[in-house]
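Enquirer: Provided below for reference: sequence and predicted model.
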Amino acid sequence: MAGTITVGFDGSAESQAAVDWAALEAERRGLPLRLVHVWHWQPHRFSTDPDKEHEWIEHMPRRAADRVTERHPDLEIERLSVPGVPADVLIDLAEESPLLVLGSRALGRTTGFLLGSVGQEVTARAKGPVVLVRATYADEEVREDQAPPAHPPAGPVVVGLDLVQPSRTVLQYAFEAAALRGATLRAIHVWKLPPVFTYGPRMVDQHERTEIGQREHQLLATALLPWREQYPQVTVDERAAPGNAARSLIEWSDDASLLVVGRRTRRPALGPRLGPVTQAALHHATPPVAVVPHT
């Protein structure tokens, strides 16, 4: 767990929510927090006075760091203001961190969240876990007078599993997250029924449907067994059911403190991509979403 928790900050409400979440996570892990502001040179935003230019560049991360220090006085904080392309800078810095945290703008429960181009690119390319945190403020500006609870309720950590190729990396991250929070781990496996159950006379064969369900539950239990033994302090809630994976994962994570999903690191011809379930989780899930890359 060595390293520094890195969080991207640009002064927006969603990035302030990310800073608040990252500070709590750094405190849980006993790690320092690195607050990074990446800026582009845009002449119309600056005066011709170099001192004022420097002041503007330093102001936002300094204010955010001061805010964190007030609420977490024992937390070690580093702040950086770095010129460059935000996605490239954040991805490079994330290689030195066990976790990168970014903000995601809430659009409402019906339409979900907005994953901007920077968040999309960083999440698809980063070599380590990335957590997307939705904005918790209605205003576009950071609200200095509103503070998150010092120790928010530990809802369950939810992890979505692909049992065709279950990832050790994803499972380890999910179990560690649950252990850090003293939370239940809700492990979800959703499978599709064979087409024969939807069309034709065999759709009423409930006995075979039950057999398939029992087999899928057993596969889930088998995948989780070694992790239960490694983390005996973590209570595991196993859920396996037929249906739409993305929809079920979002519904079953509504009360979660964290949703954990995987991202395969294969390199398709069109470049790094997020899978459909991960993409849906990032746009529609209520809690913060941790995207864990794996082979």
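Expert: Done, it's in.

Enquirer: Buried ones in the helix or strand hosting Ser104, by neighbour count?
Expert: Taking DSSP states H and E as the definition, Ser104 sits inside strand 99-106. By 16 or more other CB atoms under 10 Å, the buried positions in strand 99-106 come out as 99-106. C-beta: built from backbone N, CA, C; applies to glycine.

Enquirer: For the one helix or strand Val159 maps to, give the mean pLDDT please.
Expert: Secondary structure from DSSP H and E places Val159 in strand 157-160. When pLDDT is averaged over strand 157-160, the result is 97.

Enquirer: what element comes up after it heading to the C-terminus?
Expert: Sequence-wise, the next helix or strand downstream of strand 157-160 (DSSP H and E) is helix 168-181.

Enquirer: now that following helix, how far from the centre of its chain.
Expert: 13 Å (CA atoms, centre = their mean, to the nearest Å).

Enquirer: Go ahead and name everything in contact with it.
Expert: Residues from elsewhere that reach helix 168-181, judged by CB atoms under 8 Å, 6 or more residues apart in numbering: 28-29, 129, 154, 156-157, 159, 161, 183-185, 187, 223-224, 227, 230-231, 233-234, 257-258, 260-262, 290, 292-294.

Enquirer: Would you mind stating the distance between Ile188 and Val122?
Expert: Ile188 sits 25 Å away from Val122, going by CB to CB, to the nearest Å.

Enquirer: of the two, who's got more company?
Expert: Taking neighbours as other CB atoms under 10 Å, Ile188 and Val122 compare with Val122 leading, 24 against 21.

Enquirer: Hmm, Pro129 and the more buried one touching each other?
Expert: No - counting by CB atoms under 8 Å, Pro129 is not a contact partner of Val122; they are 11.5 Å apart.

Enquirer: returning to that earlier point: show me which of the contacts of helix 168-181 are buried.
Expert: 28-29, 129, 156-157, 159, 161, 183-185, 187, 223-224, 227, 231, 234, 257-258, 260-262, 290, 292-294.

Enquirer: Keep only those of those residues that are in strands.
Expert: Of the positions in the buried ones among the contacts of helix 168-181, 157, 159, 185, 187, 258, 260-262, 290, 292-294 sit in strands, assigned by DSSP state E.

Enquirer: So which bits of stretch 276-289 are buried?
Expert: For stretch 276-289, by 16+ other CB under 10 Å, it's 277-289.

Enquirer: Can you give me the first-to-last residue distance of stretch 222-238?
Expert: 11 Å (CA to CA, to the nearest Å).

Enquirer: Can you list the helices and strands that the lengthiest helix in the chain packs against?
Expert: Using DSSP state H, we find that the single longest helix of the chain is helix 206-230. Packing partners of helix 206-230 (3 or more CB pairs under 8 Å, 6 or more residues apart in numbering; DSSP states H and E): helix 168-181, strand 185-191, strand 236-242.
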